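Peer 1: Fold the stuff below for me.
(one chain, ligands or ions: 1)
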Amino acid sequence: MTIGYIVGSATTEQATALLEKKIRNGYYVVVEYDDEKVLGLVTQTFTGSPLLDNNLSDIEFIQKIKKFNNSIPYFIKARIKLLCKLNNSLSRPDIPPVAGSPIRLATDEELRSVFSNGEIKVGKVIGTDVEVKIRLNSLARHLAILAATGSGKSNTVAVLSSRIAENGGSVLIFDYHGEYFDSEIPRLNQIEPKINPLKLTVGEFATLLELRENANIQYRILRRAFKQFVEEVNKGIAENTISFVELNNNFVQLLSDKVEQVSKDEKRKESRDEVLNKIEDFADRYAELIDFTFGDVIDRLKVRSVNVVNLSSLDEDGIDAVVAHYLRRILNARKENKLKKNGGLKFPILSVIEEAHVLLSKEENTLTKHWAGRIAREGRKFGVGLVIVSQRPKGLDENILSQMTNKIILKMVEPTDKKYVLETSDNLSEDLVDELSSLDTGEAIMVGNIVRLPTLVKIDKFEGKLAGSDPDLLKEWKEIEEIENRNADTAFWG
Ligand SMILES: Nc1ncnc2c1ncn2[C@@H]1O[C@H](COP(=O)(O)OP(=O)(O)OP(=O)(O)O)[C@@H](O)[C@H]1O
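Peer 2: Purely as a prediction, here's the structure:
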């Protein structure tokens, strides 16, 4: 059913329609011209009145008109982004529509032919019951989930992860705030944030010690001590002369002795002392993180599962070291499996990095940024995908963000965030970015290879508990009041 007509000038990208009635931004329409049906997206609607135009400055004029006739003539127009011809190849329109071309809402069948042909259902086309399904294999080209706080990032991660696992895939979520670890996500594989020092690089261990890159003498002392320590322990384990329990209990002392040993000729004793202090501080902060019985982190990962490493008990340096360690081992283990046709990590995996603006900050050279950058560049051919999640896109490293071919962008209002996302995406246009402010919670724009066209989707609500959901403050206060009243009654009646 025709809802309006193209008016004024148009290009093969944009057109303006005069409508009979209001429709919402984000609706899909079809413009019929030259025997073609062209799918378009309403990116902006606006109204106006030929009688009361912007130049009017006399309020009495309006009051007099309204006295005679309450219905003041007005028009409704819409800016239409022309997307594709509704043919098999969804080819770009090669000629613009002429004024007078009729426009109508796209039918569900037309929308299904464009948006419902992937493997993983993520939600519905905004304003319709048409399912949006993304193409699973395209996630190998990485994904960024970006939005303002409270817009639905965690819900999107939960919906995506659980459905990827249901389809036989494997996801690893680095759970920064502990909101997935105790959630009701199906196929959940909970992994405690343990690290076996024997599997760490010196760089990872130095990060855990908060030993800065420019502390060269300290780093040299630590490198010599740590390498000798690891060699001797591995030898002791092979000869069965050392127990893991003994290691867990005496690790700090054994390593400190090694530091003393390798730095006995060091002129600058303060550097050695600083390394010893950092090892003791480390023991105080991360005693529960170190476990020589933990084996290789790769062995904890399961296929057809949502693997969740709970990082909420660690501080930023600890999180950086753990995440970097996992990413390094995953990339190397997938390479080993691909190149040797066996061993290593036997299945592709998607790693979800929450609070990515912290771990992949454009200001800081974190260990995680190094390994995430490696995976962003070379992970695709080894079946290692990245999913970065952030509510502060402008804080993200632009090299990594620009490698995220796919994007799910929920409500975003901050202008510098929107500008940064636009500048680091070659498949996002300005008119789509302008849409972001008007999205409701759970509504998103999806672009990239996971969809055939820019898609406005209402993400399904994750059916289950997520620890990070907004607390029900009133309910919790009420419960406290009821407990206090019950205690008061018990005290009075004995
Ligand atoms: N698709 C959706 N449909 C309905 N409600 C949703 C949807 N997505 C999120 N919500 C609700 O909105 C609130 C915030 O969601 P969520 O925690 O996923 O947002 P967030 O962007 O991760 O927030 P934060 O930045 O604080 O972590 C929650 O109460 C959640 O239930």
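Peer 1: Let me see the ranges of the helices in the stretch 301-450 of the chain.
Peer 2: Counting by DSSP state H, counting those that start in this stretch, the stretch 301-450 of the chain has helices at residues 316-340, 356-359, 367-378, 398-402, 415-423, 430-435.
Peer 1: residues in contact with residue 79?
Peer 2: When contacts are counted by C-beta atoms under 8 Å, 6 or more residues apart in numbering, residue 79 touches 14, 16, 42-46, 431. For the C-beta atoms, the positions are set from N, CA and C on the backbone; glycine is no exception.
Peer 1: now do residue 312
Peer 2: By C-beta under 8 Å, 6+ apart, the neighbours of residue 312 are 175-178, 181.
Peer 1: Kindly recompute the last result at 7 Å.
Peer 2: The contact partners of residue 312, by C-beta atoms under 7 Å, 6 or more residues apart in numbering, come to 175, 177-178.
Peer 1: For those, which entry has the maximal number of neighbours?
Peer 2: Ranked by neighbour count (other C-beta atoms under 10 Å), the contacts of residue 312 have residue 175 at the top, with 27 neighbours.
Peer 1: element containing the residue lying closest to residue 325 once chain neighbours are set aside, please.
Peer 2: Spatial nearest neighbour of residue 325, excluding adjacent residues (C-beta to C-beta, 6 or more residues apart in numbering): residue 204 at 5.1 Å. Assigned by DSSP states H and E, residue 204 belongs to helix 202-208.
Peer 1: Which elements pack onto the helix or strand just after that helix?
Peer 2: Counting by DSSP H and E, the next helix or strand C-terminal to helix 202-208 is helix 216-238. When contacts are defined as 3 or more C-beta pairs under 7 Å, 6 or more residues apart in numbering; DSSP states H and E, helix 216-238 packs onto helix 202-208, helix 244-262, helix 269-286.
Peer 1: Find the centremost residue of this protein, please.
Peer 2: Compute the mean C-alpha point of the chain, and by C-alpha atoms, centre = their mean the closest residue is residue 389, 2.3 Å away.
Peer 1: bridging residues for that one?
Peer 2: Counting by DSSP bridges, residue 389 is bridged to residue 145.
Peer 1: from what I can see it touches residue 157, true?
Peer 2: Yes: using C-beta atoms under 7 Å, residue 389 is in contact with residue 157, at 6.2 Å.
Peer 1: Residues that sit against both of the two, list them.
Peer 2: 145, 352.
Peer 1: buried residues in stretch 33-45?
Peer 2: 33, 36, 38-43, 45 (16 or more other C-beta atoms under 10 Å).
Peer 1: State the pLDDT value of residue 475.
Peer 2: Model confidence at residue 475, given as pLDDT, is 82.
Peer 1: Just the mean pLDDT for stretch 65-73, thanks.
Peer 2: Mean per-residue pLDDT for stretch 65-73: 79.
Peer 1: Only alpha carbons, please: show it as CSV.
Peer 2: C-alpha atoms of stretch 65-73 as CSV (Å, rounded to 0.1, in the frame of the first residue of the first chain):
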residue,chain,number,x,y,z
ILE,A,65,-6.2,30.8,12.1
LYS,A,66,-6.8,28.4,14.9
LYS,A,67,-9.9,30.3,15.9
PHE,A,68,-11.4,29.6,12.4
ASN,A,69,-9.9,26.3,11.6
ASN,A,70,-8.1,24.0,14.1
SER,A,71,-6.5,21.8,11.5
ILE,A,72,-3.5,23.7,10.2
PRO,A,73,-2.1,22.1,7.0
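Peer 1: And the helix holding residue 204, what does it pack against?
Peer 2: Partner elements for helix 202-208 (3+ C-beta pairs under 7 Å, 6+ apart): helix 216-238, helix 316-340, helix 367-378.
Peer 1: which outside residues touch that helix?
Peer 2: Counting by C-beta under 7 Å, 6+ apart, 197, 219, 222-223, 226-227, 282, 286, 317-318, 320-321, 324-325, 367 sit against helix 202-208.
Peer 1: buried subset of the residues you listed?
Peer 2: Among those, those classed as buried by neighbour count (16+ other C-beta under 10 Å) are 197, 219, 222-223, 226, 282, 286, 317-318, 320-321, 324-325, 367.
Peer 1: Columns pLDDT on top of these, output as a markdown table?
Peer 2: A markdown table is the format used below for those (pLDDT from 0 to 100):
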| residue | pLDDT |
| --- | --- |
| 197 | 87 |
| 219 | 91 |
| 222 | 93 |
| 223 | 93 |
| 226 | 94 |
| 282 | 86 |
| 286 | 79 |
| 317 | 84 |
| 318 | 87 |
| 320 | 91 |
| 321 | 86 |
| 324 | 92 |
| 325 | 91 |
| 367 | 88 |
